[in-house]
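A.B. asks: Need coordinates for the following:
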Amino acid sequence: MAAETIAVMTILLLMRETGAKVHLCRLSSAEAIQMVRQAKADGLPVSCDVSIQHVHLSEMDIGFFDPNLHLVPPLRSLRDRDAIVQGLVDGTVDALCSDHTPVDDDAKQLPFGETEAGATGVELLLPLALKWAQSSGLPLVKALATVTHQPAMILGKSCGRLVEDGAADICVFDPQVWWKVLPGALRSEGKNTPFAGYEVQGQVRYTLVGGQIVYQA
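C.D. replies: Numbering: from 1, shown residues only. The predicted model follows:
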């Protein structure tokens, strides 16, 4: 964790000297979140994101060193997890990402420390974001903003929102559907996920790209 704290501190100091605009990826510690919060209060043009795994999990979930929970950055303490959630709620954290890093099954069939870090995540981002919003008491529109137009704004893209003459890149989902996360049913080439066996709510029905249906449940 010291490595992350030192890196973020160094970047923020350089920002103060140069005025550069910076986005910080996959923050995982309470200290880093607090530094970004202060930097924003000071007017620095900084933004950041966190992974959906770090919103829901902590080092307590690793248990008997389940390789599916070998992630980068590693899972932190409950204090860090709570700070991440609070950062999302108060706007310190700008975006929520899947950190989709699929790993071949063979690379996970080793002792914890020798396994390849990573987990499939893109298919679970929506239901896990909805779960976070529900537990935090946030309205649906605010939760969806962290995975749609807020990341787009960081990238300077005019997407992630529904506007006249805008790109019709749309996800249509049913927020009421419950389903069980079964690794074998995942479409990703990598089937490993720390959420295997979880019951989640919210299922995609259609995905449109440029107004054309490219996926239908």
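
A.B. asks: ok, residues contacting the top helix by length along the chain?
C.D. replies: Longest helix in the chain by number of residues, with DSSP state H as the criterion: helix 2-18. With C-beta atoms under 8 Å, 6 or more residues apart in numbering as the test, helix 2-18 has contacts from 20, 22, 24, 27-29, 31-32, 35-36, 39, 44-46, 73. (Glycine included, C-beta is placed from N, CA and C.)

A.B. asks: can you pull the buried residues of the helix or strand just after that helix?
C.D. replies: Using DSSP states H and E, the helix or strand that directly follows helix 2-18 along the chain is strand 22-24. Within strand 22-24, the residues that count as buried by 16 or more other C-beta atoms under 10 Å are 22, 24.

A.B. asks: Now find how far off-centre strand 22-24 is within its chain.
C.D. replies: 15 Å (C-alpha atoms, centre = their mean, to the nearest Å).

A.B. asks: One more: stretch 43-56?
C.D. replies: 8 Å.

A.B. asks: The chain: strands as residue ranges?
C.D. replies: 22-24, 46-51, 95-97, 170-180, 199-209, 212-216 (DSSP state E).

A.B. asks: Kindly export stretch 38-52 (C-alpha atoms) in PDB.
C.D. replies: Only the C-alpha atoms of stretch 38-52 are listed here, as PDB (Å, rounded to 0.1, in the frame of the first residue of the first chain):
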ATOM      1  CA  GLN A  38      -7.700  17.200  -1.000                       C
ATOM      2  CA  ALA A  39      -6.200  17.800  -4.400                       C
ATOM      3  CA  LYS A  40      -9.600  18.400  -5.900                       C
ATOM      4  CA  ALA A  41     -10.500  20.800  -3.000                       C
ATOM      5  CA  ASP A  42      -7.300  22.600  -3.900                       C
ATOM      6  CA  GLY A  43      -8.400  22.900  -7.500                       C
ATOM      7  CA  LEU A  44      -6.000  20.500  -9.200                       C
ATOM      8  CA  PRO A  45      -7.400  18.900 -12.400                       C
ATOM      9  CA  VAL A  46      -7.200  15.300 -11.200                       C
ATOM     10  CA  SER A  47      -9.700  12.500 -11.700                       C
ATOM     11  CA  CYS A  48      -9.600   8.800 -10.600                       C
ATOM     12  CA  ASP A  49     -11.300   5.500 -10.900                       C
ATOM     13  CA  VAL A  50     -11.600   2.300  -8.800                       C
ATOM     14  CA  SER A  51     -12.400  -1.300  -9.700                       C
ATOM     15  CA  ILE A  52     -15.700  -2.900  -8.900                       C
END
